[in-house]
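[1] Provided below are the primary sequence and the corresponding predicted coordinates.
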Amino acid sequence: MKKLISSLIFAILILGNSTSYSQSYLMHTVQNGDTYTSIAKEYNVNVGSILSLNNQSKYNLYSGSLIKIKPIQNQKTISIKVDNELVYTDQYPYIENSRTFVPIRFIAENLGANVSWNQSSQEAILEYEDKIIRLPIYSSTATINGSSVNLDAPVNIYNSRTFVPIRFVAETFDCSVDWDKHEYIVNIQTQNNSSEDLYWLSRLVEAESQGEPYEGKLAVANVIINRKNSDLFPNNIKDVIFDNKYGIQYTPVVNGKIYNTPSNSSIQAAKQALKGHNNVSSCLYFFNPKNSSENWIMLNRTYYKTIQNHDFYL
C-alpha cells in the first residue's frame, strides 16, 4: 500500500488557460522523503508546473506513485515501431530515468509473449520461448529465469495499466532496440521471418481474428498449421488457406480480405505458431457461432475450447 509521506494543503494561483502538451511525459516515481520542492529542484522545474500537470492543488505525495514532471523535449509524443511498422499502445509511453516505459499488454501482443498476473506476489509475468521475466509492481528488480536484474526505474501502474521498460523486455527476448533521439521513436527489430508461410498465415490470422486477443490469433494460426500437418488437407499453408476441395473456403479468401496487410500482433502470432507455440492442441476447425450458421462442425467434430468469439474443434 502506498504510504502517505507528505500532506500540506495550500492555495495556489494558476494563471492563463491550460496548455496543450504532447502525450508523453518525463515521469518520476515518488520515494520516501520526497517533497514537491525536492522533486522540482531535482528536475529544474517549478512546483506550480508539476502541480498543474498532475491536476493537484495540495501537497499530497504517496510513495510508489508516478507523477508527471514535464512534457518530453520539444513536446514530442513517443512512437513505437516493430519490424519497421508503426504500432500503437492504448496508453502513451512515458520516460523515467532515460528509459521508455510501455503497457505490458503491448509487449505481449507485439513481441509474441504470453502475459499473466500473480495476485499473491503482485507481479506481472512474461513468457517468451525459453525465457520467463517476473516484474513485481513498484519494484526496480526483475528476474529472468530466476536470476535477479536491476532496472533503472520501477515497474509501475499508470492510467490503470502496468508499465514496463520496453528496452529491457525486448532485448531479453532477443530483439534489437534502437532509439531515434530526434523523432522520439523506439525501433524494435524481431527475428523477422519473411517466408511465404508467414506471408499467408499472418494475413489469414488478421482477416479471421481482427479484434481478437493474442491468444485467439495464435489459436487460428495453429489450426492452419495443424491442417498443413494433417493428411486430410494440403501440405503447405497457402494451399490450406485457398483449399476448396469441398466447395468451402475461408471467408477472407472469398471476400478478398486475405490480401489485407496484417497487424503486427497477427504477424507475431503467426511467427510463434510457426515456431511451435500451440494453444489449441490438434484442432483442425474454428468458427464464430455468432456469424456462422455452420452446424457440420458441431455435429461431427469434438469441441475443444472457446477463445472470445471463436469455437475450436478437434
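    Perfect, thanks for sending it. Since the model is a prediction, treat every value here as computed from it, not as a measurement.
[2] can you list the weak-confidence ranges in this structure?
    1-22, 59, 191-195, 246-248, 294 (pLDDT under 70).
[3] Quickly list what Ser79 is bridged to.
    Ile185 (DSSP bridges).
[4] I'd like the distance between it and Arg227.
    38 Å (C-beta to C-beta, to the nearest Å). In short, each C-beta sits where N, CA and C put it, glycine included.
[5] next one: Ile67
    52 Å.
[6] can you check Leu26 too?
    50 Å.
[7] Look at those two and report which has more neighbours.
    Arg227 (20 against 17; other C-beta atoms under 10 Å).
[8] so what's the more buried one closest to, chain neighbours aside?
    Phe233 (4.1 Å; C-beta to C-beta, 6 or more residues apart in numbering).
[9] now swap in Ala273 and tell me
    Ala221 (3.6 Å).
[10] thinking again about what came up before, wait, a strand at the residue nearest to Arg227?
    No: Phe233: not assigned to a strand; according to DSSP: H, G, I helix; E, B strand; the rest coil it is coil.
[11] Enumerate every residue touching it.
    Arg227, Val240, Asp243, Leu284 (C-beta atoms under 8 Å, 6 or more residues apart in numbering).
[12] One more pass at 7 Å, please.
    Listed by C-beta atoms under 7 Å, 6 or more residues apart in numbering, the contact partners of Phe233 are Arg227, Val240, Asp243.
[13] and if you look at Pro103?
    Thr89, Asp90, Gln91, Arg161, Thr162, Phe163.
[14] top of those by neighbour count?
    Phe163 (28 neighbours).
[15] Quickly list what that residue is bridged to.
    So, taking DSSP bridges as the rule, Phe163 has Pro103, Asn156 as bridge partners.
[16] Does it touch Val102 like I think?
    Yes: applying C-beta atoms under 7 Å, one finds Phe163 in contact with Val102, separated by 6.5 Å.
[17] and which of the contacts of Pro103 is nearest Gln249?
    Comparing these against Gln249 with C-beta to C-beta places Asp90 closest, at 34.0 Å.
[18] Quick check: the spatially closest residue to the closest one that is not a sequence neighbour vs Tyr25, distance?
    Nearest non-adjacent residue to Asp90, counting by C-beta to C-beta, 6+ apart: Pro103, 6.4 Å away. Pro103 is 15 Å from Tyr25, where distance means C-beta to C-beta.
[19] swap in Glu123?
    25 Å.
[20] Between the two, which has more neighbouring residues?
    The residue with more neighbours, out of Glu123 and Tyr25 and counting by other C-beta under 10 Å, is Tyr25; that gives 24 against 19.
[21] Can you get me a residue count around the residue lying closest to Phe242 once chain neighbours are set aside?
    Once flanking residues are discounted, Phe242 sits nearest to Val253: 5.8 Å by C-beta to C-beta, 6+ apart. Applying other C-beta under 10 Å, we find 16 other residues in the vicinity of Val253.
[22] What strand or helix carries Val253?
    helix 251-255 (DSSP states H and E).
[23] For that helix, which residues meet the burial criterion?
    Pro252, Val253 (16 or more other C-beta atoms under 10 Å).
[24] what does the following helix or strand past that helix rub up against?
    Later in the chain than helix 251-255, the nearest helix or strand by DSSP H and E is helix 264-274. Helix 264-274 has contacts (C-beta under 7 Å, 6+ apart) with 82, 85, 87, 109-112, 193, 197-198, 201-202, 205-206, 214, 217-218, 221-222, 225.
[25] swap the cut-off to 8 Å and go again
    82-83, 85, 87, 109-112, 190-191, 193, 197-198, 201-203, 205-206, 209-210, 214, 217-218, 220-222, 224-225, 262.
[26] in its sheet, what does the helix or strand that comes right after it sit against?
    Proceeding N to C from helix 264-274, the next assigned helix or strand is strand 285-287, under DSSP H and E. Strand 285-287 sits in its sheet next to strand 310-313 (antiparallel), going by DSSP bridges.
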